[in-house]
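Participant: Show me how the following folds:
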Amino acid sequence: MRKILILEDRPEEREEIATLINTIESPTEVIRCADTKEAYVCALEGNIDLFIIDVILKPDQQEDTSGLKFVESIRGVTRYEFTPVIILTCLEDLKSYSYEKLHCYAYIEKPFVAEHLRKTIVECLRSPRLPERERTLYYRKDGAIVVVQREDVVYAKSIRHALHIFTRKKDNIAIPYLTVKQFLMDADSHDFIQCSRNTVINRKFVVSLDLPRRRVCLQGEENPVEIGGTYVSAIRETFGSRENE
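Facilitator: Residues are numbered from 1 along each chain as shown. Now for the predicted structure:
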């Protein structure tokens, strides 16, 4: 299932775009955000396949272009370096910057034509996901540098102000004061899915799901990992038919 994030301050326009997306046959999940802070958290905690961004998010502030600043930030995250971005705005003079510097897929002026936007979204969803490269994570602990290979991480769990990173080599690496959010940013991979407020799992190591009892079994781990109640829907959408394998 592809995920589309809409960043638009006006609720009526957010819903108009979401309704338009729901007419597309391709399975999609729509994430609605009203400000950059909310959008950035959703982008880091999830795996977005398309961004639809309004440039002016604070119309009461003259010369506001906070939507473009959000795109600049997203382009700094490796996994979103080439993710399609559709810019929606009434500002014509930012088109050149959006294409040349931010590499947006399309620049559509408001008021937009619904069918034009719909066709553009369909085109974006046809683009394949790029393969991810191996990544080494570096953390400082007790005055030394701890090296973690991202592909070895089975899951990570925050316990008493430290993030415990469990690997397929049976390591339990505790990094003090490292948060789940920071780990997701460091890992920068579609493979890592947050399954509770304090736990992240690597989808490559998922053996089976038991959503009624809210737990997931991971390769090489004797005990299942708990799924938080508010994360069940997202896990179901992510893994689909793998439940109870």
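
Participant: the domain parsing of this structure - what is it?
Facilitator: Each structural domain of the chain that the record assigns through automatic domain parsing is listed here as a residue range: 2-125, 136-242.

Participant: okay, these in JSON lines with mean pLDDT and mean neighbour count next?
Facilitator: Bear in mind the C-beta positions are built from the backbone N, C-alpha and C, glycine included. As requested, the domains of the chain are exported to JSON lines (pLDDT from 0 to 100; neighbours: other CB atoms under 10 Å):
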{"stretch": "domain 2-125", "mean pLDDT": "91", "mean neighbour count": "17"}
{"stretch": "domain 136-242", "mean pLDDT": "92", "mean neighbour count": "16"}
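
Participant: show me where this protein has helices.
Facilitator: Counting by DSSP state H, the chain forms helices over residues 11-21, 36-45, 66-75, 95-100, 114-125, 180-187, 232-239, given from the N-terminal end onward.

Participant: Quick one: closest of these to residue 108.
Facilitator: Among the helices of the chain, the nearest to residue 108 by CB to CB is helix 114-125 (6.0 Å).

Participant: With only the CA atoms kept, save that closest one in CSV.
Facilitator: Taking only C-alpha atoms (Å, rounded to 0.1, in the frame of the first residue of the first chain), the coordinates of helix 114-125 have been written out as CSV:
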residue,chain,number,x,y,z
ALA,A,114,-9.1,18.2,-10.0
GLU,A,115,-8.5,15.9,-13.0
HIS,A,116,-5.0,17.4,-13.6
LEU,A,117,-4.0,16.8,-10.0
ARG,A,118,-5.5,13.2,-10.1
LYS,A,119,-3.5,12.3,-13.2
THR,A,120,-0.3,13.7,-11.7
ILE,A,121,-0.8,11.6,-8.5
VAL,A,122,-1.4,8.5,-10.6
GLU,A,123,1.9,9.1,-12.4
CYS,A,124,3.8,9.6,-9.2
LEU,A,125,2.4,6.3,-7.7
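
Participant: Next, the angle helix 11-21 makes with that helix.
Facilitator: Helix 114-125 and helix 11-21 meet at an angle of 60 degrees, taking axes from the mean of the first three to the mean of the last three CA atoms, to 10 degrees as the criterion.

Participant: Name the residues that touch helix 114-125?
Facilitator: Counting by CB atoms under 8 Å, 6 or more residues apart in numbering, helix 114-125 makes contact with 2, 4, 16-17, 20-21, 23-24, 26, 28, 49-50, 52, 84, 86, 88, 105-106, 108, all of which sit outside it.
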